[in-house]
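K.L.:
below are the sequence and a predicted model for it; my questions follow.
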Number of protein chains: 2
Amino acid sequence: MATTRGGIDLGGTKIEAVVVDGRSKVLGSARRPTPTEGGPPDVVAQMAAAMVEACTSAGLESSELRGVGVGSPGLVDPQTGAVSSALNLPNWDQEYPLAEDLGKALSSVVRVGNDVQVATDGEFSLGAGRPYKSILGVFWGTGVGGGIILDGKPWIGRGGAAEIGHVVVKVGGARCPCGRRGCMEAYAGRAAMEAYARKQMKRGKKTDLFELMEERGRTRLTSGIWWRALERGDRLATNIIDRAIVALGAGVASAVNVLDVEAVIVGGGIGVRFGQPYVDRIAQAMQPHLFNDTRPPDVRVAELGDLGGAIGAALLARGPRPRTSRSPRLAAV
Amino acid sequence: MATTRGGIDLGGTKIEAVVVDGRSKVLGSARRPTPTEGGPPDVVAQMAAAMVEACTSAGLESSELRGVGVGSPGLVDPQTGAVSSALNLPNWDQEYPLAEDLGKALSSVVRVGNDVQVATDGEFSLGAGRPYKSILGVFWGTGVGGGIILDGKPWIGRGGAAEIGHVVVKVGGARCPCGRRGCMEAYAGRAAMEAYARKQMKRGKKTDLFELMEERGRTRLTSGIWWRALERGDRLATNIIDRAIVALGAGVASAVNVLDVEAVIVGGGIGVRFGQPYVDRIAQAMQPHLFNDTRPPDVRVAELGDLGGAIGAALLARGPRPRTSRSPRLAAV
């Protein structure tokens, strides 16, 4: 029986696909930009293309996979694999049968989970979360997402738990991309930080951030650009990141005061790019807000790196193959 | 076999004792002030006296009880019933064998749990939380305590979960009685509100709060005094309560964004005294901060009232009697 599995991390800017063996070792991978126009079928076509490319680099065909797992934004129905309200994907407001459509394209069985939850599951099973039974995953990127594992099992509440980006750190504070005020993400999310940087620049603050962006031919401030600006000692960039860390310290400490998990695992585009030194700064910023401050949780950087979301998604394809499998020849592989 | 149980809510200002039947119906109750001097043995003596009085009013002796449950502040070892770091009790910093000592005094078996967790368990099993599988208990009183039930089971983390009073609502904000800044309790706890009211009065703000306190022969602003001041339209009292509700809205919404529970049950001295109209105001104040704002949790006032903590504590005495029971004749009752 096939133990090789596929995993896809469906992000707002890129689609990351991996093929892993039975021990979750990466055999092949591929990356494609996420379509910014069109609709769900166009996104699915790119996902299929990325998966096929990852399979080619691993020397097999997608129909030979035990299955494919997808970490998706938006609202996911884990039973049917349908996805709705994926607001950072083009015209993906209504429910769309992602698992069914992608399954046909790949001649494989597709399971879909929430993107940050599968990334948390990945870190818990295979990464920095392995030593613990209860963790909080914090994904510091365009937004700030979260995933929770309590006593070895994901906690998703009524489907909407772990929205730590929208923990309030300042009543009446900065406007968040979600429209609310004072959310942690309003200070720490990359999108919010970029908007704030533009505003400060217009007000006359000097910064190299946007020059760096143009030099690199980008249209937004990537984690790499922020990093470069910090290295150069850019004052505005430094201030904005300092402000983000204060917010992350308060917001993550609040979540820990509620959950009392053993460890916080920090991933996401910025988290992974900035690494343990900045994760240590977040831990320091948490300290003054932790109620049990003599016994803080461990705070560690995600270990699976950029491919973590896709590797975590591939875990979804581990389960027994559902009876409704469309490709009976897989059973004999 | 005896189904009658005792329950004690050990608070910083009062000790509440109940005797309940097998269906948790209250058969008798008693209340004593918590000693403010002396040490753990003096507190235990008052607890025993309150329990004996409750038994007398129920027409039985303490040795006839199936057991006695205690909801205690501080750090509780649920296995041994020892309590340490009960900072609102006199000289109770070191570990003290509460269960053992009280058990001897009452000739009964004593189990000890965390005060807000047993109150949450009470509301979950017997009160406003009955219709739900996952709830957050919020105890709005001298401080703001919390208890969590997820999928029918208490979640206590490493023993320090549900400290929702210390969720940050304003980075760099007001000083909390715990010494930290910007905690929800710094705005909403009765102790913090009283300190703030005194400060505002010294700065020249007019208020009847302290006159009402003296009229009633009290030394602190009880829930009843706050209530009376609001009824009179006292402007400072109204402003401070409004400010508390804003903080509760943000802090409880933050916890809900993390946990996504079905319901929030609001108890505690102020919560019970102020009732559903104020609980509805908290729900309204949560709304702008809820990430899943189209599906807010139910927010309900605790149903067990002032005796809720003691009734919840009595649930601890339901379990099978431990083999180490000191009073063998009970087994035959």
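P.N.:
Done, it's in. All of these numbers come straight from a predicted model, not from anything done at the bench. Residues are numbered from 1 along each chain as shown, chains lettered A, B, ... in the order given.
K.L.:
now the closest residue to chain B within the stretch 201-333 of chain A, what are its backbone angles?
P.N.:
Residue of the stretch 201-333 of chain A nearest chain B, by Cβ to the nearest Cβ: residue A:260 (2.5 Å). Glycine gets a C-beta too; all of them are placed from N, C-alpha and C. With angles defined as degrees, to the nearest 10, residue A:260 sits at phi 50, psi 50.
K.L.:
try residue A:249
P.N.:
When read as degrees, to the nearest 10, the backbone of residue A:249 gives phi -60, psi -50.
K.L.:
kindly provide the distance from residue A:20 to chain B.
P.N.:
30 Å (Cβ to the nearest Cβ, to the nearest Å).
K.L.:
pull the helix or strand with minimum mean pLDDT from chain A.
P.N.:
Of the helices and strands making up chain A, the lowest-confidence element is strand A:75-77, at a mean of 88, by mean pLDDT, DSSP states H and E.
K.L.:
just checking, what packs against it?
P.N.:
strand A:82-84, strand A:110-114 (3 or more Cβ pairs under 8 Å, 6 or more residues apart in numbering or on different chains; DSSP states H and E).
K.L.:
low pLDDT regions in chain A?
P.N.:
Scanning chain A for pLDDT under 70 picks out A:1, A:320-333.
K.L.:
can you give me the helices in it?
P.N.:
Here chain A has its helices, by DSSP state H, at A:40-58, A:98-106, A:115-126, A:185-188, A:190-202, A:209-215, A:223-231, A:235-259, A:268-274, A:276-286, A:308-314.
K.L.:
nearest to residue A:5 among these would be which one?
P.N.:
For residue A:5, the closest of those is helix A:308-314, at 4.6 Å, according to Cβ to Cβ.
K.L.:
gap between the closest one and the chain center?
P.N.:
From the chain centre to the centre of helix A:308-314 is a distance of 10 Å (Cα atoms, centre = their mean, to the nearest Å).
K.L.:
for that helix, output the C-alpha coordinates as PDB.
P.N.:
Taking Å, rounded to 0.1, in the frame of the first residue of the first chain, the C-alpha atoms of helix A:308-314 are listed here in PDB:
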ATOM      1  CA  GLY A 308       5.700  23.300   7.300                       C
ATOM      2  CA  GLY A 309       2.100  24.100   6.100                       C
ATOM      3  CA  ALA A 310       2.400  21.600   3.200                       C
ATOM      4  CA  ILE A 311       4.100  18.900   5.300                       C
ATOM      5  CA  GLY A 312       1.400  19.400   8.000                       C
ATOM      6  CA  ALA A 313      -1.300  19.200   5.300                       C
ATOM      7  CA  ALA A 314       0.100  15.900   4.100                       C
END
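K.L.:
one step back: hmm, who's touching the least confident helix or strand of chain A?
P.N.:
A:82-86, A:95, A:112-114, A:159 (Cβ atoms under 8 Å, 6 or more residues apart in numbering or on different chains).
K.L.:
which of the residues you listed are buried? Put it as a ChimeraX command.
P.N.:
Of these, the buried ones go into a single ChimeraX selection, burial set by 16 or more other Cβ atoms under 10 Å in any protein chain shown:
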select /A:82,83,84,86,112,113,114
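K.L.:
rebuild the contacts of strand A:75-77 as CSV, extending it with distance to chain B.
P.N.:
Shown next, in CSV, are the contacts of strand A:75-77 (distance: Cβ to the nearest Cβ, whole Å):
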residue, distance to chain B
A:82, 18
A:83, 16
A:84, 13
A:85, 10
A:86, 15
A:95, 15
A:112, 19
A:113, 16
A:114, 12
A:159, 7
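K.L.:
of the contacts of strand A:75-77, closest to residue B:29?
P.N.:
Distances from residue B:29 to these, taken by Cβ to Cβ, are shortest for residue A:159, at 41.9 Å.
K.L.:
if I look at that closest one, how far off is residue B:129?
P.N.:
Applying Cβ to Cβ, to the nearest Å, the value for residue A:159 to residue B:129 is 20 Å.
K.L.:
so which residues on the stretch 151-300 of chain A come close to chain B?
P.N.:
Residues of the stretch 151-300 of chain A lying near chain B by Cβ under 8 Å from any Cβ of the partner chain: A:155-164, A:166-171, A:173, A:178, A:180-183, A:246-247, A:250-251, A:253-255, A:257-262, A:288-289, A:291-292, A:295.
K.L.:
give the ChimeraX command for selecting the buried subset of those.
P.N.:
Only the buried entries of these go into this ChimeraX selection, using 16+ other Cβ under 10 Å:
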select /A:155,156,157,160,161,162,163,164,166,167,168,169,170,171,173,178,180,181,182,183,246,247,250,251,253,254,255,257,258,259,260,261,262,288,289,291,292
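K.L.:
relative to residue A:146, how far out is the residue in the stretch 51-200 of chain A positioned nearest to chain B?
P.N.:
Distances between the stretch 51-200 of chain A and chain B by Cβ to the nearest Cβ are smallest at residue A:157, namely 2.4 Å. Separation of residue A:157 from residue A:146 (Cβ to Cβ): 12 Å.
K.L.:
ok, residue A:121 - contacts?
P.N.:
Neighbours of residue A:121 in contact, by Cβ under 8 Å, 6+ apart: A:113, A:147, A:149, A:154, A:312, A:315.
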